[in-house]
Structures are given as C-alpha cells and as structure tokens.
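> Provided below are the primary sequence and the corresponding predicted coordinates.
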Amino acid sequence: MIPTVSVAEIAQYEGQEVKVHGWVTHKTGKGKLLFLRIREGSGFIQAVIFRPNVGDERFAKAKSLTQESSVILVGKVKKDQRAPGIPGGYEIDVSDIEVLQIAEPFPIAPKAHGVDFLLDQRHLWLRSRRQWAILRIRATVIREIRNWLDDNGFVLMDTPILTPSAAEGTTTLFETDFHGTPAYLTQSGQLYNEANIFVFGKVYCFGPTFRAEKSKTRRHLQEFWMVEPEIAFASLEDLLEIEEQFVSHVVQSVLQKHPQELELIERDVNKLESVVPPFPRISYDEAVRMLHAGGFPDFAWGGDFGAPHETYLTEQFDRPVFVHHFPTEAKAFYMEPEPERPEVCRSADLLAPEGYGEIIGGSERMSDPEKLLAAIRKHNLPEEAYDWYLDLRRYGSVPHGGFGLGVERTLAWICGLPHVRETIPYPRLLDRFYP
RNA sequence: UCCUCGGUAGCUCAAUUGGCAGAGCGGUCGGCUGUUAACCGAUUGGUUGUAGGUUCGAGUCCUACCCGAGGAGCCA
C-alpha cells in the first residue's frame, strides 16, 4: 500500500514511494524530461517525469496536462536542491500518473493581471501561491488571537449578528428584516460584552462586522472580522498593557510559524521583529504638535486624523504607537471623559507602522448611570433602545474598558499588503460582492 | 456624493497629426535530459465598454451613459 502524503511532510518520506494528489500549477520540460509543479494544499512540490522511465504512453499523458488539471502522482521522493516548491528541496520522481481531469484553459496565467479581473475571478485567484500564503497567515492570526485571549483568562462570548439597534446613523448599517421588524447587521458586539463582563470578568467576541459606509479606500471592507475584548475593572492604562502584549504575541507567532509564507510574499520581516512591548504612547495633544511640526501646520485640534496624518505619525516609530486621550467630541458617546479635563476622553487608538493606520480602537467606558444618560441625550440617541445598556450601570456598576481589533487591517500590515482586499477570502467591497 | 485616471484578442498592453487594429503571454502543433513565469519554430485569436454625433474616413475628436481603479468625504 503506497501512502498518500502531504507535501508539508514530504521530507519524512525521502527515498520512499508515495502518492501525491493535487493540481498542476506549472508545466515545463525539455524533450524527454517533463517538470510539473503541483499544488497539494499543504504546499507545492515539483514532479519530474522522464520518458525512458515511464514509457511513451504515461509520458504523453503527463504532457497533455494543462494548468490546474487534477492528478494523482505515484513516485519516489528525492532530495534535490534544484527542486522549487514549498517547502522545496524535494521532488517526486514519477512512476505513474492518474489524471482526474484535464482542466480547461485557466484564465489566470502565471503573469501579471489587473485587479478588476482578479477580483472577478476571486474563486480562482485564491489558488495562486501568494493568496495561499496570505490566507494561511490569516488563519494563524485568528488562531493566535484566540489562543492569547483564551490563555489569559478571557471567555469567548458570541454576540448577536442580527441586532435591533437603530441607534445612530442607520445609513452605515445594513438593514434586513426580522419577521416584519427592521433589523440591522452588527457593527460591534461591544455593548453586549459590557453586559457579559458582569458574569465573566474578562470576555471577548470575535465575528464578522458589517459597515454599509460608502467608503472606497484601501482599508475599508463592507464585511470584516473584528475581535472585541472587554474587561471589568480595567483602566485605560491597563488596556494599553493588554493590547501591546496581545498584538506582539500575534505578530511574533506569525514570524515564528510562517517564515516561508512571509518570504514568498516578500515581507521585510525586520519591520515585524521590532514589534515587542512596550509600544510608544503619545497623547492626542502631542500628536497634534507632531503634525504641526511635521508638515501639517493647519491641522486643527479636535478633528480626527486622516490617512496622511496617521501615516506621518506612524512613520516616526518602529512599532505600533498608541494615541490616547482623543477629543471627547470626536469619539463615541460611551467613552469616559478625563475627570480633570472633560474635553478629552480616556480612549486610545493603536496605529500600525508603515502607514497602515488604525488597527485598534478602545477606551474606558462610562460607568456612571447619570453621566451615561446625559451623554445619550446629548447625542440624540433613542433612550428606550439603551434602557438595557443603562441597567448595566444600575446593578453593580464598575469601571471597565475594552477595545476592538480589525483582523484585515492587522493582516494587511503584517503581510505588508497595499490593500485589505487580499486579506479575506471573498472581500465585500463597495459595489462588489461577486463571487 | 465629489475629484483624478482608465476601459483595444482569454490576459497584460501598443497603435505617431483622424488614414490597412498589432505585440507578448495563454491556447494548439512540432523540437529539446534539469526546468524555475524555460527556450526555439509554426499557428490560433477582435462588436476597440454602450448609444449617438462630427468626418470621405473614428480605437483616436464631441455628447450622454455603463463599468473599474486610486483618493476624498464618510468610517461608536
């Protein structure tokens, strides 16, 4: 019985006869010698077919294979430095071939293509090595997010995707129908997690988030994944320490587990190796002063940063940087104002280096019921919709805080990608949701 | 919603002042015993985004529209 093996573990089978099943990604050759490169799932491997070894019939069959044809190969595993692939260095000296299907001409050739074309072919584009590498790193990022939180006392709480809240601008929410009542796809599980901390202390939710904004930029998706930890009794200072440990763990784990993928996508890993605590902390006031001195003399205190501002600020540091104490007016209603200086709030964003911008937004939450009610009224929010939220401040209210980390922006930064559209298998962009 | 750029073969692009619509890749056929997006030879391939207009003649100029990209606004 010949074992069917995964390419990732091919080194264990050196000298043995094995079966490898997969898809043909490249075919080249030289007369009686034919080279196939096979994508198997766990990796890529070269197969060598030599006509005198396999006979004319099998050789002709191999020669008829087209890009993306599906095959089962039988052959001996040989070590050879010349063999390309991932992990590479090994090849299959083929003795027999079973052709499952000769693929029709594949639209995506091994060459440069335009974005429009590739996004229309996303279901096929995923088969390219680059997408394979990015999405494997994505899986690790998600796993390490969970691992770190699970290992540090956080309890997973799944918050609803269908929500009743018509709260603020419904224009940014996707509306759907809940048996005759308008319902909205979630923008955040935070408010629910503020309830959950009273049971578990430290919780997180992790799921898809939906934004119907007409945003058409390299860092916006209509549907993206966000992890939102929420912690009872946490101050802003506690949050920042948690965040820098958390983000560093994710980055260092990717470095450790995916050197080959990072090399394939040509990521400069030096820029990730420096991502260790502590991260620099600057106040919003300091950030504004830096902008004024750094070529943005007109930036007015009180506004949110635009993309060029974030890029400038992050270029001043070799690791992510916290900007804390944003103007209260510019932030959400539930953020706790600084007691001595209520025009700023106990909030902090984490900006990723190299111009990748905000990957975390977080804050201490208002814990006083009177102040929270006043804030809801000041923002013209429907009081009745927040009745349950105010309950949380009536029954054993405690200081608490939390943050949300966007998976795709984080992954775009870790992988050094110019656009978030490659960080999720099927991106939902403005006016584009096929396939 | 606004600004800028773009749409020509399956893909990536070229086409001079308005004057015969082309190349590379891919596909097909043939050749080659170490290829790495191989190479060599042959061959296949077109409603120039859509509709209208100007002109002897439009890929090229004009008008409207459609689609896409980058950015802005927006983005608890």
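Arrived safely. Residues are numbered from 1 along each chain as shown, chains lettered A, B, ... in the order given.

> Show the contacting residues for the nearest residue to A:Leu372 once chain neighbours are set aside.
What sits nearest to A:Leu372 in space, not counting adjacent residues and going by C-beta to C-beta, 6 or more residues apart in numbering, is A:Met366, at 4.6 Å. (Glycine included, C-beta is placed from N, CA and C.) Shown in contact with A:Met366 (C-beta atoms under 8 Å, 6 or more residues apart in numbering): A:334-337, A:372, A:375, A:393.

> Next one: A:Met366 from RNA strand B, what distance?
12 Å (C-beta to the nearest atom of the strand, to the nearest Å).

> now swap in A:His309 and tell me
As judged by C-beta to the nearest atom of the strand, A:His309 and RNA strand B stand 9 Å apart.

> and the spatially closest residue to that residue that is not a sequence neighbour, how many residues sit next to it?
In this structure, A:His309 finds its nearest non-sequential neighbour in A:Leu291, 5.7 Å apart by C-beta to C-beta, 6+ apart. A total of 18 residues lie near A:Leu291 under the criterion other C-beta atoms under 10 Å.

> so what's A:Leu291 up against?
Contacts of A:Leu291 by C-beta under 8 Å, 6+ apart are A:299, A:309, A:312-313.

> Of those, just the buried ones, PyMOL syntax please.
In PyMOL, a selection of the buried entries from these looks like this (16 or more other C-beta atoms under 10 Å):
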select buried, chain A and resi 299+309+312+313
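
> pretty sure A:Leu291 is in a helix, no?
Yes: counting by DSSP: H, G, I helix; E, B strand; the rest coil, A:Leu291 is found in a helix.

> Mind jotting down where the strands sit in the stretch 1-150 of chain A?
For the stretch 1-150 of chain A, strands defined by DSSP state E, counting those that start in this stretch occupy the ranges A:17-30, A:33-39, A:44-50, A:70-79, A:85-86, A:90-101.

> Skip the chain neighbours and tell me the closest residue to A:Pro278.
Closest to A:Pro278 by C-beta to C-beta, 6+ apart is A:Glu244, at 6.1 Å.

> in the stretch 151-300 of chain A, which spans are helices?
Shown for the stretch 151-300 of chain A, the helices assigned by DSSP state H, counting those that start in this stretch span residues A:190-200, A:236-257, A:259-264, A:270-273, A:284-293.

> Stretch A:197-209 - what's its average pLDDT?
Stretch A:197-209 shows a mean pLDDT of 96.

> What about the contacts of A:Leu291, which are in helices?
The helices, defined by DSSP state H, take in A:309, A:312-313 from those.

> can those residues go into a markdown table with extra columns for pLDDT?
Shown next, in a markdown table, are the ones in helices among the contacts of A:Leu291 (pLDDT from 0 to 100):
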| residue | pLDDT |
| --- | --- |
| A:His309 | 88 |
| A:Tyr312 | 88 |
| A:Leu313 | 90 |
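
> which residues touch A:Arg281?
A:240, A:321-322, A:324, A:348.

> What distance do you get for it to A:Thr186?
Distance of A:Arg281 to A:Thr186, given as C-beta to C-beta, to the nearest Å: 30 Å.

> same deal with A:Thr176?
11 Å.

> Those two: which is more packed in?
It is A:Thr186, of A:Thr176 and A:Thr186, that has more neighbours when counted by other C-beta under 10 Å, with 22 against 12.

> my read: the more buried one touches A:Ile161, true?
Yes: between A:Thr186 and A:Ile161 a contact is recorded at 5.0 Å, counting by C-beta atoms under 8 Å.

> and chain A, what are its domains?
In terms of domains, chain A is parsed into A:7-101, A:122-422 (source: automatic domain parsing).

> could I get those domains as CSV with distance to A:Ala112?
Output for these, formatted as CSV (distance: least, C-beta to C-beta, whole Å):
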stretch, distance to A:Ala112
domain A:7-101, 16
domain A:122-422, 12
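
> residue ranges with poor pLDDT in chain A?
Along chain A, the parts satisfying pLDDT under 70 run over A:166-171.

> Which one of the residues in it is closest to RNA strand B?
Nearest residue of chain A to RNA strand B, counting by C-beta to the nearest atom of the strand: A:Gly31, 1.9 Å away.

> So what's the residue count around that residue?
6.

> Identify the residue spatially nearest to it, adjacent ones excluded.
Closest residue in space to A:Gly31, ignoring its immediate chain neighbours: A:Arg51 at 8.0 Å, by C-beta to C-beta, 6+ apart.

> Can you name the residues of the stretch 51-200 of chain A sitting close to RNA strand B?
A:52, A:66-67, A:80, A:82-84, A:91, A:105-107, A:109-117, A:119, A:165, A:167-169, A:172, A:187-188, A:190-191 (C-beta under 7 Å from any atom of the strand).

> Swap in 6 Å and give it another go.
Contact residues, the stretch 51-200 of chain A versus RNA strand B (C-beta under 6 Å from any atom of the strand): A:52, A:66-67, A:80, A:82-84, A:91, A:105, A:107, A:109-117, A:119, A:167-168, A:172, A:187-188, A:190.

> From those, keep the buried residues only.
A:67, A:83, A:91, A:119, A:167, A:187-188, A:190.

> so can I have TSV of those showing distance to A:Phe35?
Shown next, in TSV, are these (distance: C-beta to C-beta, whole Å):
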residue	distance to A:Phe35
A:Gln67	13
A:Ala83	9
A:Glu91	8
A:Leu119	31
A:Ala167	59
A:Gln187	51
A:Ser188	51
A:Gln190	54
